[in-house]
Every structure is written in C-alpha cells, then in structure tokens.
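S.K.: test case, fold it:
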Amino acid sequence: MKQQVIKELSLSELRERLVEEKKQYLKLKMNHAVSPLENPMKIKDYQKTIARMHTELRRREIHGETTTVDINNSKKQ
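M.R.: Residues are numbered from 1 along each chain as shown. This is a model prediction of the structure:
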C-alpha cells in the first residue's frame, strides 16, 4: 500500500486496515514457516505497510489530529 493511499484514509479506516494487515502478516508468516512461499518478499511488503500505517498514526497524533492514538502492539493469545 502506498503512502499516499494511507494518508487519504480516515482515522477509523486506518485503524481497521492496520488490524487487517497485521492479521494477514501473521497468517503469511505462519504459512511460510510451514511451507516456503513462492514469493517471500511479500512478508517484507506487509512489514513495510504496517510500519507506514504506524508512522501515519503517530504523525496524526503529533499534529493534534487525534487526542490519543491506540496502537495495539500487544500480542493476543
């Protein structure tokens, strides 16, 4: 996902997409651990997209576009 697309998302959409991207990333990593992926660079792409989303959330928090940003970094079991 491009940075420009991330910037255009609303705060709620950005949070929802972040959760979905994290789920897909974990699923992809698990699949890769079981059997090698045809294109393992997809894992890196998901990592970069997640990082871009976290960066945009933080940027919005700093610029006062939100009161607080809840970035869910905790691992759920």
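
S.K.: switch to C-alpha atoms for all contacts and neighbour counts from now on
M.R.: Fine.

S.K.: alpha carbons only: can I get the helix or strand bottoming out on mean pLDDT in the chain in PDB?
M.R.: Every helix and strand of the chain was ranked by mean pLDDT, DSSP states H and E. The lowest is helix 3-8, at a mean of 89. Taking only C-alpha atoms (Å, rounded to 0.1, in the frame of the first residue of the first chain), the coordinates of helix 3-8 have been written out as PDB:
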ATOM      1  CA  GLN A   3       2.000   6.200   1.500                       C
ATOM      2  CA  GLN A   4      -0.400   8.500  -0.400                       C
ATOM      3  CA  VAL A   5      -3.200   5.900  -0.100                       C
ATOM      4  CA  ILE A   6      -2.500   5.600   3.700                       C
ATOM      5  CA  LYS A   7      -2.700   9.400   4.100                       C
ATOM      6  CA  GLU A   8      -6.100   9.600   2.500                       C
END
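
S.K.: off-centre distance for the helix ranked longest in the chain?
M.R.: For the chain, the helix reaching the highest residue count under DSSP state H is reported as helix 11-34. Relative to its chain's centre, helix 11-34 lies at 7 Å (Cα atoms, centre = their mean, to the nearest Å).

S.K.: and it, what does it pack against?
M.R.: Packed against helix 11-34, as judged by 3 or more Cα pairs under 8 Å, 6 or more residues apart in numbering; DSSP states H and E, are the following elements: helix 41-62.

S.K.: check which residues of the helix it packs on are buried.
M.R.: 43, 46, 49-50, 52-54, 56-58, 60 (16 or more other Cα atoms under 10 Å).

S.K.: with stretch 14-29 instead?
M.R.: Neighbour counts over stretch 14-29 (16+ other Cα under 10 Å) mark 14-15, 17-18, 21, 25, 28-29 as buried.
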